[in-house]
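J.: Please find the sequence and the predicted model below.
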Amino acid sequence: LYGCRDARRRWYKRHRMAAGNAQTLAAQVAAFMDRNPAHVESVTPVPGMVLFRRDAPTELDPTLYEPVVCLILQGRKETVLGETTLHLGPGQSLLVSHDVPVSARITEARPDEPYLAVVLVIDVSVVRSLYEEVSGAVVADTTAQAAAVYDSDPRLIGCVSRYLMLADDPIEAKVMTPLL
C-alpha cells in the first residue's frame, strides 16, 4: 500500500513539475517568436530545433513527418496516422520514430493564446548507436508504433528550455551545440 502511495506522490510531483516547466518554456517560445517578424509561423533558433506558433486552427493537411519529438506547449493538435488519430495537448509530446505520412491540424489556437510547439529533430544514427550500447537493457516492445503520444518529462522540457537559451548568444550556441 505504501509503495503505491509513494509512486502516486512521485507521479503528481513530476506532473506538476512538467506543467510548470512547460509554462516556462511556452513563455520563452512566445517571447522568441515575438522578436521575429510579424506572422512568422516557424523559426529555427538553434540547429535541430524548430519553434511553431499558430494563431488560429488549421485545416487537416497531408505531410510527411520525419523522426522528431514535438512538445506541445499551448493549444491542441490532431495527427492522423492511417486509421489512428492522435490528440495532443499542452504538456504532451509526439514521438515519431521514422518517416511516416500523416495528416495533421491545429485544433485549438487563438491570437491571445496561440498554439505553441517545439520540434526537435532526431538523429537516427545517434539513436542506433545508443541502442547498440544499451541493447541488453532494452525490453522488446511488441506494441511499437511509428508515432505515439507521451506526457512530456520535466527533464526533457528543462533541457529544451536551456537549449533554446543558447539562441540568445551565438558564440555560446556555436561552442555548446556540438556537445549536445
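T.: Yes, it's here.
J.: which residues sit in contact with the residue lying closest to His87 once chain neighbours are set aside?
T.: Nearest residue to His87, sequence neighbours excluded (CB to CB, 6 or more residues apart in numbering): Glu78, at 5.6 Å. Yep, even glycine has a C-beta here, placed from its N, CA and C like the rest. Neighbouring residues of Glu78 by CB atoms under 8 Å, 6 or more residues apart in numbering: Leu60, Thr85, Leu86, His87, Leu88, Ala104, Arg105, Thr107.
J.: Let's see that with 10 Å instead.
T.: 57-58, 60, 85-88, 103-108 (CB atoms under 10 Å, 6 or more residues apart in numbering).
J.: Could you look up the SS state of it?
T.: Classification of Glu78 using DSSP: H, G, I helix; E, B strand; the rest coil returns strand.
J.: who's it bridged to?
T.: His87, Arg105 (DSSP bridges).
J.: quick revisit: which ChimeraX command selects the buried ones in the contacts of Glu78?
T.: To isolate the buried ones among the contacts of Glu78 in ChimeraX, judged by 16 or more other CB atoms under 10 Å, type:
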select :57,86,88,104,106,107,108
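J.: Quick check: the closest residue in space to Pro101 that isn't next to it in sequence vs Val29, distance?
T.: Ranked by CB to CB, 6+ apart and with sequence neighbours excluded, the top spatial neighbour of Pro101 is Leu64, at 5.5 Å. From Leu64 across to Val29, the span is 24 Å (CB to CB, to the nearest Å).
J.: just Val100 next, same as before
T.: In terms of CB to CB, Val100 sits 25 Å off from Val29.
J.: The residue nearest to Pro101: which element?
T.: Element membership of Leu64, judged by DSSP states H and E, is strand 61-65.
J.: Ok, Met176 next?
T.: helix 170-176.
J.: Which residues does that helix contact?
T.: So helix 170-176 is contacted by Pro45, Val46, Pro47, Arg162, Tyr163, Met165, Leu166, Ala167, Asp169, Leu180 (CB under 10 Å, 6+ apart).
J.: Can you give me the neighbour number for the fourth one?
T.: Read that as Arg162. Neighbours of Arg162 under the rule other CB atoms under 10 Å: 12.
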